[in-house]
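Chemist: mind folding the following:
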Amino acid sequence: MLEELDSLWNELNKTYIYIFIALMALYTIIRPMIKWAVMVKTTKFLNYILSSLLLLVLILSGIVLTAFLDKMILAVVLNCLALFGLMLIVIHTVEYLFRNRKKRV
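Modeler: Presented below is the predicted three-dimensional model:
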């Protein structure tokens with residue numbers, strides 16, 4: 001029993017790392033497209049991206065919820081998304097504070 005839990009824990013650790021790396025890569029790829037879309041004011045493109053993402057998340061959630069082990073993977077994905085969002089908030093807050101500090105000096 002303990003060996004099974006240990007191997008499951010090792011698999012989850014790898015899963016966290018892979019999902020977090022995938023999130024960072026996707027963010028890095030998509031960010032310039034979103035900046036361009038906002039600059040050009042193409043709301044149709046942004047609507048397409050967000051609706052596709054929502055559809056993908058809903059479909060994948062339905063697939064993932066069909067098996068017991070995959071429920072753990074869904075939890076890992078949700079935890080990684082929360083951690084990635086928190087990381088973005090911290091990075092943008094620090095950038096904002098440094099920008100304002102430079103303007104005052």
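
Chemist: what helices and strands are in contact with the helix or strand hosting residue 39?
Modeler: Assigned by DSSP states H and E, residue 39 belongs to helix 2-40. Other helices and strands packing on helix 2-40, by 3 or more CB pairs under 8 Å, 6 or more residues apart in numbering; DSSP states H and E, are helix 43-64, helix 68-104. C-beta coordinates here come from the backbone N, C-alpha and C atoms, glycine included.

Chemist: mean pLDDT for the ones you listed: which is lowest?
Modeler: Mean pLDDT is lowest for helix 43-64 out of the helices and strands packed on helix 2-40, coming in at a mean of 73.

Chemist: got the angle for that one vs helix 68-104?
Modeler: If you take axes from the mean of the first three to the mean of the last three CA atoms, to 10 degrees, helix 43-64 sits at 150 degrees to helix 68-104.

Chemist: mind giving me the packing neighbours of helix 43-64?
Modeler: Using 3+ CB pairs under 8 Å, 6+ apart: helix 43-64 touches helix 2-40, helix 68-104.

Chemist: format these as TSV; extra columns: mean neighbour count and distance to residue 52.
Modeler: Shown next, in TSV, are these (neighbours: other CB atoms under 10 Å; distance: least, CB to CB, whole Å):
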stretch	mean neighbour count	distance to residue 52
helix 2-40	12	11
helix 68-104	12	17
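
Chemist: export the ones you listed to CSV and tack on distance to residue 47?
Modeler: CSV is the format used below for these (distance: least, CB to CB, whole Å):
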stretch, distance to residue 47
helix 2-40, 10
helix 68-104, 21
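
Chemist: ok, which of the ones you listed comes nearest residue 49?
Modeler: helix 2-40 (7.4 Å; CB to CB).

Chemist: so for that closest one, mean pLDDT?
Modeler: Average pLDDT, helix 2-40: 78.

Chemist: about what we covered before: what is the distance between the helix holding residue 39 and the centre of its chain?
Modeler: 6 Å (CA atoms, centre = their mean, to the nearest Å).
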